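> need coordinates for the below:
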Amino acid sequence: MTLFEMRAFRESFARFIMPYKFGIDEISTKVSILREEFAQLHDYNPIEHISSRLKSAESIEAKIVRKQCEPSFDEIRKSITDIAGVRIVCSFVSDVYRVYELLAAQEDVHIVKVKDYIANPKPNGYKSLHVILEIPVFLSEGSVLVPVEVQLRTVAMDFWASLEHKIYYKYDGDVPAGLLSDLTDAAATANELDVTMEKLHRQVRGGAVQSRAIAI
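Here you go, the predicted model:
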């Protein structure tokens, strides 16, 4: 590839990735507004913290290979929906569903797909609510719909998922069986903590709190 071609590719990639960054900004702003509103006007705030990530060119390239996607920007837009990601960490399971419903109710948010790994955990114990949504991003040339993957989970789920990621990274995916077993046990312990904390939360708030799975 010539220097000119490399520069042209970088410019094209920057143009491609920019709406995803703005999509993250839009969702993060919406969640931050909800968080501040609860902090100012209500006696309880369901949102602990928010984080986000934008896939790198290397990560996108690896996913193109895994999905056997044609390496064109148009095909990548169609096939890869988690380039932009936002993670919302809540105190309790009921908060996860409440925040999801508040986001889904906003008129410019379109829910594309939901995977409820809280109601249906992965075999290793992983739990989280995964939502692919579309949000309009207004650019100088007009608006574009941008997919954003939103993960909603409790503090306990987030702690476990963070530990799992570090373990898989350390062992490059080839984790010893004993450690995998311990990790699964830890997921069960985290779930017990969520159940206990939810019960206490319900008692403190007069029994009005309800956790429920999403009909998919």
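> which residues touch Phe73?
When contacts are counted by C-beta atoms under 8 Å, 6 or more residues apart in numbering, Phe73 is found next to 12, 16. The way it works is simple: take the backbone N, C-alpha and C, and place the C-beta from them, glycine included.
> phi, psi of it?
phi -60, psi -40 (degrees, to the nearest 10).
> give me the pLDDT for it.
What the model reports for Phe73 is a pLDDT of 91.
> repeat that for Phe4.
We have a pLDDT of 60 for Phe4.
> and what of Ala105?
Looking at Ala105, its pLDDT is 97.
> and it, how close does it get to Phe13?
Here the distance between Ala105 and Phe13 works out to 35 Å (C-beta to C-beta, to the nearest Å).
> higher neighbour count, those two?
More crowded of Ala105 and Phe13, by other C-beta atoms under 10 Å: Phe13, with 13 against 8.
> dihedrals phi and psi, the closest residue to that one other than its chain neighbours?
Using C-beta to C-beta, 6 or more residues apart in numbering and skipping residues adjacent in sequence, the residue nearest Phe13 is Ala57, 6.2 Å away. Ala57 adopts backbone torsions of phi -60, psi -40, taken as degrees, to the nearest 10.
> what's around Ala57, how many residues?
12.
> that one and Ser12 touch, don't they?
No - applying C-beta atoms under 8 Å as the test, Ala57 and Ser12 come out as separate, 11.2 Å apart.
> from Leu129, how far out is the residue nearest to the spatial centre of the chain?
Ranked by distance to the mean C-alpha position of the chain (C-alpha atoms, centre = their mean), the top residue is Gln151 at 2.3 Å. Distance from Gln151 to Leu129, counting by C-beta to C-beta: 7 Å.
> mean confidence for stretch 192-210?
On average, stretch 192-210 scores 82.
> list the buried residues of it.
Neighbour counts over stretch 192-210 (16 or more other C-beta atoms under 10 Å) mark 193-194, 197-198, 201-202, 209 as buried.
> shaky segments in the protein?
Low-confidence segments of the chain, defined by pLDDT under 70, are located at 1-6, 207-216.
> show me where it has its strands.
Listed in chain order, the strands of the chain (DSSP state E) span 47-54, 84-90, 110-116, 129-139, 142-154.
> can you add distance to Asp174 and give those strands back as a markdown table?
Below are the strands of the chain laid out as a markdown table (distance: least, C-beta to C-beta, whole Å):
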| stretch | distance to Asp174 |
| --- | --- |
| strand 47-54 | 25 |
| strand 84-90 | 26 |
| strand 110-116 | 26 |
| strand 129-139 | 25 |
| strand 142-154 | 25 |
